[in-house]
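S.K.: sequence unknown, structure follows:
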């Protein structure tokens, strides 16, 4: 299913765990330093209302006077668990892309604010970079360095899967429960 900007609450609330989505529009990268910066009262350099934040430390180089993305794989999201939910509420962030899922606090905020967690395939950094059609800006690079900077990516049909939705569904919780049940069967 195609998800095109603007990323409104109505569009995001229509998504369910298991939906395969191709995102087209503007996505902002944000990792540990950016999340902590916002949490500690820093001002976002971009408008995050109805945005998608991608947990990604891209490899970006300047070629012919413009930025070119060489690798754009997801980074592990659980590190942002202390910050993500409150930032979604405070700034109107609609969705997060990463890998590995997030915890119950973020899931609760997804339910509360009408947000989702998208899982991007780890190990596919070069393939995902091909879906970044333009770099429209870079912010806070001087403060945090290139991997932790906020990159504005214009993406076209960026492939993800909904693994946490605004209805309280979590593929991560389901897999954990099934794994624990299977483990108990093996041990007994």
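M.R.: On my side now, so go ahead. It should be emphasised that the depicted structure is a prediction, and the values quoted were computed from it without experimental measurement.
S.K.: can you tell me the SS state at the residue most central in space within the chain?
M.R.: Nearest to the geometric centre of the chain sits residue 97, at 1.9 Å (CA atoms, centre = their mean). Three-state call for residue 97 (DSSP: H, G, I helix; E, B strand; the rest coil): strand.
S.K.: residue 161 now?
M.R.: Applying three-state DSSP: residue 161 is strand.
S.K.: which residue, other than its chain neighbours, is closest to it?
M.R.: Nearest residue to residue 161 in three dimensions, chain neighbours excluded: residue 119, at 5.0 Å (CB to CB, 6 or more residues apart in numbering). (C-beta placed from N, C-alpha, C; glycine too.)
S.K.: and the one you found, how far from residue 24?
M.R.: Residue 119 sits 18 Å away from residue 24, going by CB to CB, to the nearest Å.
S.K.: out of these two, which sits in the busier spot?
M.R.: Between residue 119 and residue 24, counted using other CB atoms under 10 Å, the more crowded position is residue 119 (20 against 17).
S.K.: list the contacts for the more buried one?
M.R.: Counting by CB atoms under 8 Å, 6 or more residues apart in numbering, residue 119 touches 74, 97-101, 160-163, 171.
S.K.: buried among those? Make that a ChimeraX selection.
M.R.: Selection of buried members from those for ChimeraX, criterion 16 or more other CB atoms under 10 Å:
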select :74,97,98,99,100,101,160,162,163,171
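S.K.: now, which of the contacts of residue 119 sits nearest residue 44?
M.R.: Distance to residue 44 across the contacts of residue 119 (CB to CB) is lowest for residue 97, with 17.2 Å.
S.K.: surely that closest one touches residue 53?
M.R.: Yes - the pair residue 97 / residue 53 is scored as a contact, 7.4 Å apart, by CB atoms under 8 Å.
S.K.: which neighbours do the two share?
M.R.: Counting by CB under 8 Å, 6+ apart, the common neighbours of residue 97 and residue 53 are residue 27.
S.K.: give me phi/psi at residue 10?
M.R.: Backbone dihedrals for residue 10, given as degrees, to the nearest 10, come out at phi -60, psi -50.
S.K.: for it, give me its contacts.
M.R.: Residue 10 makes contact with no residue under the criterion CB under 8 Å, 6+ apart.
S.K.: burial measure for residue 33, as a count.
M.R.: Neighbours of residue 33 (other CB under 10 Å): 18.
S.K.: the helix or strand that it is a member of - what's its average pLDDT?
M.R.: Using DSSP states H and E, residue 33 sits within helix 32-39. In this model, helix 32-39 has an average pLDDT of 97.
S.K.: the helix or strand following that helix pairs with which strands?
M.R.: Counting by DSSP H and E, the next helix or strand C-terminal to helix 32-39 is strand 52-54. If you go by DSSP bridges, strand 52-54 pairs up with strand 20-29 (parallel), strand 95-98 (parallel).
S.K.: so which of the ones you listed is the most surrounded?
M.R.: strand 95-98 (a mean of 26; mean count of other CB atoms under 10 Å).
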